[in-house]
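Novice: the sequence and its predicted three-dimensional model are supplied below.
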Amino acid sequence: MKKIIIASALMLAATTSSFGAVKAGKFGMDFMYGSYIGQWQAKSATSPGIPDFAGMPGVGFRYHITDMIAVAPSLGFYTASGTDNDVAGVTGDKSEYSATGWGLGLEVPIYLLKLNVLDFYVAPGVGYNSISTTRKNTFASGAASTESGTSGGHLSVFAAVGLQIPINDQLHVFGKTTIGYASGTTNPNTKANPSQADDKSTYFGIQSWTVGAIFYFN
């Protein structure tokens, strides 16, 4: 009985090891929650130094160049619009707004430790995003105004630390956090005052946490 238990344990270890070790040539898609492609955006021009961690949603891809090194590009995009009727309780006043954002990111996961049930990696990375907003105000008096703002040029250089856990050969789950430096600009109303200088923000510290899944196609 003891020999059977030992043999079973060895077989299980071998099986989990084959799952746990990422392999050269594998290609998959990353689906992430809490991720924002390694960047941040300022909450407002009045508090440019405070990052907004509810940033750009994204989807990523992952290709393993070798057993130890992979590349993981990611991208994000959204557009949103809405209407606010009776602004501030004034009948007839209306505000229509829209926002468009996009982002790109690239990480290079380097797998430093491969255990039977998980892989540990670090990943130097870079990310960029840009967001533009437009607001059209129409008043009951017949007057109207348009405001256009930007929250863009946000560049981030960071390092991610992550754990990757295989469920099977095609499905892995992972968790990671990033730390790094970011800088960017904010201008709340470029249309009304084109000559207004942009507000600049910088940030260093822990940037994000992310959990997600990787679906491998091969």
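Specialist: Good, I have the coordinates.

Novice: with adjacent residues omitted, what lies nearest to D119?
Specialist: Q164 (4.5 Å; Cβ to Cβ, 6 or more residues apart in numbering). C-beta here means a position set from N, CA and C on the backbone, and glycine is covered the same way.

Novice: and the host helix or strand of that neighbour, what does it pack against?
Specialist: According to DSSP states H and E, Q164 maps onto strand 144-166. Here strand 144-166 touches helix 2-20, strand 41-42, strand 119-138, strand 171-187, strand 199-216, going by 3 or more Cβ pairs under 8 Å, 6 or more residues apart in numbering; DSSP states H and E.

Novice: and the longest one, how far out from the chain's middle?
Specialist: Centroid separation between strand 119-138 and its chain, computed with Cα atoms, centre = their mean, to the nearest Å, is 7 Å.

Novice: so which bits of that strand are buried?
Specialist: 119, 121-123, 125-133, 135, 137-138 (16 or more other Cβ atoms under 10 Å).

Novice: that strand to strand 144-166, inter-axis angle?
Specialist: 170 degrees (axes from the mean of the first three to the mean of the last three Cα atoms, to 10 degrees).

Novice: what about the residue nearest to D119, how many residues nearby?
Specialist: Counted with other Cβ atoms under 10 Å, the neighbours of Q164 add up to 21.

Novice: what's the answer for Y216, then?
Specialist: Once other Cβ under 10 Å is used to define contacts, Y216 is seen to have 18 neighbours.

Novice: residues touching the spatially closest residue to it that is not a sequence neighbour, list them.
Specialist: Leaving out its chain neighbours, the residue that sits closest to Y216 by Cβ to Cβ, 6+ apart is G28, at 3.8 Å. The contact partners of G28, by Cβ atoms under 8 Å, 6 or more residues apart in numbering, come to 61-62, 172, 214-217.

Novice: sorry, back to before: who does the strand holding Q164 pair up with?
Specialist: strand 119-138 (antiparallel), strand 171-187 (antiparallel) (DSSP bridges).

Novice: what's the angle between it and strand 199-216?
Specialist: 40 degrees.

Novice: what pLDDT, on average, does strand 144-166 get?
Specialist: For strand 144-166, mean pLDDT rounds to 82.

Novice: with stretch 118-127 instead?
Specialist: 93.

Novice: what residues does it touch?
Specialist: Contact with stretch 118-127 is made by 20-22, 36-39, 72, 74, 103-114, 154-166, 176, 178, 180, as judged by Cβ under 8 Å, 6+ apart.

Novice: for this structure, which spans come out with low pLDDT?
Specialist: 1-21, 35-57, 86-90, 150-153, 187-196 (pLDDT under 70).

Novice: redo that, cut-off 90
Specialist: Applying pLDDT under 90 to the chain flags the ranges 1-23, 31-60, 75-105, 113-118, 127-156, 168-169, 178-212.

Novice: check contacts around V59.
Specialist: Applying Cβ under 8 Å, 6+ apart, we find V59 in contact with 29-32, 74-76.

Novice: and the gap between it and M32?
Specialist: 7 Å (Cβ to Cβ, to the nearest Å).

Novice: now for these two: what residues contact both?
Specialist: With Cβ under 8 Å, 6+ apart as the test, V59 and M32 both reach S74.

Novice: show me what contacts F27?
Specialist: F27 sits next to 61-64, 216-218 when contact means Cβ under 8 Å, 6+ apart.

Novice: between those, which has the most around it?
Specialist: Using other Cβ under 10 Å as the neighbour test, those are led by R62, with 23 neighbours.
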